[in-house]
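Peer 1: Structural data only, the sequence is not supplied:
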């Protein structure tokens, strides 16, 4: 699959040349490089930083501004207790195996996958079938398998292994250990025996304050901060439901053995939405109509469990109707996620939505669809869209007692028939003394069924006997002088409920990388030259200003142009180096700069300039005013180059190489 | 001093009411509040988040875009070795004292200051002088001293204490310990004896990767990432000097005992610039002329050491000329910092620039001026502007061997006369065998003076004797067959130097808080109502849309207005609650929303709307088109309300309360 990767121009895609370009042009670079680097940590340079900022800016407009979401910025440092409650201390882990001899550590699922895949390839080779050594599993990214041994396998074993691989995300530690025994999986480099998989918590731990008695972690997601502030946000939103909060910020995962560049890193930018919705009434969304005809490529759970990866093109309206996607709110966000991805320039043919299998889901999730983008590493999860149900609000409320609920007046008061116990407190105290509170609590906790039964006992025997562990022999007798049990009607005027949460969660770094793969191609000239075809709205720098030479006559024009565009908030870059115009444009094609202005001798005479389009290399020539207007309109996303080219006079001068 | 704080309207400033407003309107809130909170950690809510984003946006345009700085985004996780080299592991510490009985921990300098100040106040009280219990040291923020005992002190002692306080930032741990002994300073709550001050490193420690053999820290500043990337940034900038990098991101300091709200926190947003400049030629700046007439309030080092805090209004041009501010680049940034602060709405009368005293400076700094803003906590450092000289690049280069230098062709080749040693390598190897490299290195390292002396020995005795520790008895004889020493002229065509760094470093959270204090006032109506007078460019939400009632006729107008403004990137908020128009405006005065549109029955008839100015409560009435244009121009900072009010017809309708 990955071997078939092509650029959007239909030519073979070459990852090495893109990566070299991105490092050379400082989109990103390994962090602490001069100290030898730290795996899984990358710095973004000027081009990468601007590209990220532009993606985030569009995200904020597309989601936060458009839907009046409540943006928050919560701390990354998080005390132990919060993440203990949320379940991350116990469950946010991957499985790792250690080689006791070399000390090497492997991520168990990746190791099993890698070894089994290499055996399948060895089998193919032994059978004389073509093996693409670049080929990689479509769903996972991992290091290229090099040591393939041509060994033929039984047909039955091949099928068995293929089925294991299709479900690889579904195995826990014990199952991975069994697979390692069954298939005799060892350290691929040394063939050394490995210890069984143990859980490794992925959170970075630290200690808050000087007395080291407050352990804490760096947050693994921005979500918890949003949940903890639920009550205040609801208040800020004047008690109106549904509503969404949103947060853009760094999160941290101490990956066991990060590889595959920007796709698996230890510190990353997330943009997360927590949409709070009433669990009753089918989780409808008021704007669902606006998106119901959006078509998505869906890969559902059952298809995967049957060992396949066939997607179906489905209108989101239909997917929700048939129950494939659980509800309108989840469906609404899937469609909006796709619209966002297309807006920033993601290739429509390289998006699919994959449903999580049961064991694969995070501990808090009730259902989850990932927006996956096709890259040379295979299909990569770039946006998760989970239904976290009421999980988080419930556990935090239970732990802290804070009312993380919605209270709304009922239109019709609710009448509840129930068995109520009334105690005669004056007599209760003297009889039970220090145990009074405990007995009282035990009575409070009696179920409705039991209360009904006990009311009969009370009538018949003049007393009831209940279990109160820890008091006397665990059985306590309460005479009828102390208690009455009656069926009564209670009227509820207020409805109280814990909202459910739909969570679209974006990995900005992964989207960033996939976008670069999708928009990269090479222009065939004397030599192949890399181009990154970012839309003008997203491009790091919008306009390159190129004076024909460093001649003094050109300088005031450079100043006027760059000051004028800056005034409009449009980022420019001047290149007045001695290189040829062609070389200078070429450098900025690599940076993805969509527009270029050349200042030539004609400009000095009549104040006209040429404007060049990166993708077509077409040029138009017009006055300062017209050029500025065209740029403004292109960068604002209001016009395309074809519109501008149709309006303004074409310039036929050769691009000087 | 703080007792005299007034709002910009000249009325007494009330911190409690501002803080209550900011928490009520969710500008910020204690993090993990429902878990009891963690001191020094705060979350920003929707209003605070938007305000921060707008401040950062203006910062980016004012500095990064305007001066083509190279923005980078580096990781917060930083391996031990990097921060060991930078000096932070050894020196980035505060002094703390522990009460061995209660386990309480105090920051030593704050404790000394607090206790001595309370004694001065007790003395005043004993002498019958007026004591303002709200009064606080103008330079420091700390908890209000409550337990003042009226005890008279000798005049000499009072003077002594005053001098100690003026220099409090200048003391190290040992000196603080001596002061604690001398003045018998104990735990103020229990009067318990304290242990002597010990250094507490302020970095949060963690461990990177699964094998816990890579200790790391959360960065205490964004600067190190920028220094480590120097070579790549210089290359990106096509080898042109000077240039600046910039970074906006979170940093972390494990404060010993953080108080005073947003002013002393453990996780904070910084915006830092590293301007790399040639140390030769007086660190000129090409744009200094543009700012030389900017007037600053300067408080220099000598004035402070003499125990005073008198500022002098000085043109930055003059300050650089007289040497008070060391060089043009430093001066340029001081002026630009002030321009930025004024642009976002900081009160011009509440800015001063204070020079650091020698011991107060960070371990890397050669000179430093702080932009301090006056708040009710006193004068607070909000921007530091340090000359870090070549410190950081030098230590990292020394440690890693990476060439963190600039190499530029010399206009005139430099001729250097020097003694050069030539070795006969063929004979050298066989004679010294395995020690050959060591002996060679020892010869390489010989000083010019020694070479001159040895050349005489060689002539006279036919051999030289040099020190080579570790080879034989540490003395090595080299006969003249193996070496010649001659004076020759070497021509250097390339100049190599380590740039100096000027670093303006902005604490965005502190600026945020000071801004709110500077722009807060209360409108006297039936009851005093808080207003935050943010400029439209900075305000969290720009426009409040208020339909007269929830009448269905108004709904399409609400939609048209909010969609239209959103399209222009202008953030709006609709309030169609049942509250009175006056109440709804009042709520948004607290949020600092500068503009309000009312939709009334007239709007339904003729598509005109009223536009209200928050500060004056004046209103104009005009068509949709005119209103939109006015808003756009106000929010873009192109017009002021007075311009709009002069253009558009005044609306005299009463504000319905």
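Peer 2: Looks like it came in fine. A quick note: this is a predicted structure, and the numbers were derived from the prediction, not measured.
Peer 1: In what element of secondary structure is residue A:368 found?
Peer 2: strand A:367-375 (DSSP states H and E).
Peer 1: mean confidence score for the helix or strand that that strand is followed by?
Peer 2: Next in sequence after strand A:367-375, counting helices and strands by DSSP H and E, comes strand A:378-389. Strand A:378-389 carries an average pLDDT of 94.
Peer 1: For the helix or strand following strand A:378-389, name the packing helices and strands.
Peer 2: Later in the chain than strand A:378-389, the nearest helix or strand by DSSP H and E is helix A:391-400. Using 3 or more Cβ pairs under 8 Å, 6 or more residues apart in numbering or on different chains; DSSP states H and E, the elements in contact with helix A:391-400 are helix A:80-85, helix A:223-228, strand A:500-507. Bear in mind the C-beta positions are built from the backbone N, C-alpha and C, glycine included.
Peer 1: next structured bit after helix A:391-400?
Peer 2: strand A:406-423.
Peer 1: Contacts for that next one, please.
Peer 2: If you take Cβ atoms under 8 Å, 6 or more residues apart in numbering or on different chains as the criterion, strand A:406-423 is touched by A:234, A:239, A:241, A:278, A:440, A:443-444, A:446, A:448, A:451-452, A:455, A:482-499.
Peer 1: out of those residues, who's near chain B?
Peer 2: By Cβ under 8 Å from any Cβ of the partner chain, no member of the contacts of strand A:406-423 lies near chain B.
Peer 1: Check which element follows whichever helix or strand residue A:516 is part of along the chain.
Peer 2: Residue A:516 is part of helix A:508-519 when elements are defined by DSSP H and E. Using DSSP H and E, the helix or strand that follows helix A:508-519 in sequence is strand A:520-524.
Peer 1: ok so, going back, hmm, the helix holding residue A:516 in reach of chain B?
Peer 2: No - Helix A:508-519 stays clear of chain B (Cβ under 8 Å from any Cβ), getting no nearer than 10.4 Å.
Peer 1: quick one: that helix to strand A:367-375, angle?
Peer 2: Calculated by axes from the mean of the first three to the mean of the last three Cα atoms, to 10 degrees, helix A:508-519 forms an angle of 40 degrees with strand A:367-375.
Peer 1: Counting by contacts, list what helix A:508-519 packs against.
Peer 2: Counting contacts by 3+ Cβ pairs under 8 Å, 6+ apart, helix A:508-519 packs against helix A:15-24, helix A:46-59, strand A:267-277, helix A:328-344, strand A:367-375, strand A:378-389.
Peer 1: Just the buried ones among the contacts of strand A:406-423, please.
Peer 2: A:234, A:278, A:440, A:443, A:446, A:451, A:455, A:482-483, A:485, A:495, A:498-499 (16 or more other Cβ atoms under 10 Å in any protein chain shown).
Peer 1: Show me where the stretch 451-600 of chain A dips below the pLDDT cut-off.
Peer 2: Within the stretch 451-600 of chain A, the stretches with pLDDT under 70 are A:526.
Peer 1: how about the helices in it?
Peer 2: Applying DSSP state H, counting those that start in this stretch to the stretch 451-600 of chain A gives helices spanning A:508-519, A:555-567, A:581-590.
Peer 1: Which other helices and strands does the longest one contact?
Peer 2: Spelled out, that is helix A:555-567. Under the contact rule (3+ Cβ pairs under 8 Å, 6+ apart), helix A:555-567 is packed against strand A:543-547, strand A:572-574, strand A:595-599, helix A:624-635.
Peer 1: Okay, and the beta partners of the most centrally placed residue in chain A?
Peer 2: Nearest to the mean C-alpha position of chain A, by Cα atoms, centre = their mean, lies residue A:506 at 3.2 Å. The bridge-partner assignment for residue A:506, based on DSSP bridges, gives residue A:271, residue A:383.
Peer 1: can I assume it is in contact with residue A:58?
Peer 2: No - here residue A:506 lies out of contact with residue A:58, judged by Cβ atoms under 8 Å, at a distance of 11.5 Å.
Peer 1: Whatever residue of the stretch 251-400 of chain A ends up closest to chain B: neighbouring residues, count only.
Peer 2: The nearest approach of the stretch 251-400 of chain A to chain B comes at residue A:400, 4.5 Å away (Cβ to the nearest Cβ). Other residues lying near residue A:400 total 18 when counted by other Cβ atoms under 10 Å in any protein chain shown.
Peer 1: mind checking how far it is from residue A:214?
Peer 2: 17 Å (Cβ to Cβ, to the nearest Å).
Peer 1: Quick check: nearest residue in space to residue A:603, chain neighbours excluded?
Peer 2: residue A:609 (5.3 Å; Cβ to Cβ, 6 or more residues apart in numbering or on different chains).
Peer 1: List phi and psi for the one you found.
Peer 2: phi -140, psi 160 (degrees, to the nearest 10).
Peer 1: show me the contacts for it.
Peer 2: Per Cβ under 8 Å, 6+ apart, neighbours of residue A:609: A:557, A:561, A:597, A:598, A:599, A:603, A:621, A:622, A:624, A:627.
Peer 1: ok, of those, which one's closest to residue B:94?
Peer 2: residue A:561 (50.3 Å; Cβ to Cβ).
Peer 1: Could you pull up the contacting residues of the closest one?
Peer 2: Taking Cβ under 8 Å, 6+ apart as the contact definition, residue A:561 lies against A:545, A:572, A:597, A:599, A:609, A:624.
Peer 1: close enough to count as contact, the third one and residue A:543?
Peer 2: So that's residue A:597. Yes - between residue A:597 and residue A:543 there is a contact at 6.2 Å, judged by Cβ under 8 Å.
Peer 1: All the strands of the stretch 1-150 of chain A, in order from the start?
Peer 2: Using DSSP state E, counting those that start in this stretch, the strands of the stretch 1-150 of chain A run over A:28-30, A:42-44, A:70-71, A:77-79, A:93-98, A:105-107.
Peer 1: which residues of the stretch 1-150 of chain A score low on pLDDT?
Peer 2: Ranges of the stretch 1-150 of chain A meeting pLDDT under 70: A:1-4, A:131-147.
Peer 1: Can you pull the residues of it lying near chain B?
Peer 2: A:25-26, A:29, A:31-35, A:38-39, A:41-46, A:48-50, A:52-53, A:61, A:65-66, A:68, A:70-79, A:81-82, A:96, A:103, A:105.
Peer 1: circling back to that earlier point, just the buried residues of the helix holding residue A:516, please?
Peer 2: Here helix A:508-519 shows A:508, A:509, A:510, A:511, A:512, A:513, A:514, A:515, A:516, A:517, A:518, A:519 as buried, counting by 16+ other Cβ under 10 Å.
Peer 1: Not counting its neighbours along the chain, what's nearest the fifth one?
Peer 2: Leaving aside its sequence neighbours, residue A:512 sits nearest to residue A:52 (Cβ to Cβ, 6+ apart; 6.0 Å).
Peer 1: For the one you found, grab the count of nearby residues.
Peer 2: 21.
Peer 1: Confirm for me that it is in contact with residue A:44.
Peer 2: Yes - here residue A:52 lies in contact with residue A:44, judged by Cβ under 8 Å, at a distance of 6.1 Å.
Peer 1: Now do the shared contacts for the two.
Peer 2: Shared contacts of residue A:52 and residue A:44 (Cβ under 8 Å, 6+ apart): residue B:73.
Peer 1: Quick check: residues of the stretch 551-657 of chain A near chain B?
Peer 2: Counting by Cβ under 8 Å from any Cβ, the stretch 551-657 of chain A sits next to chain B at A:566, A:569, A:571, A:573, A:577.
Peer 1: Before I go, just wanted to say thanks for your time.
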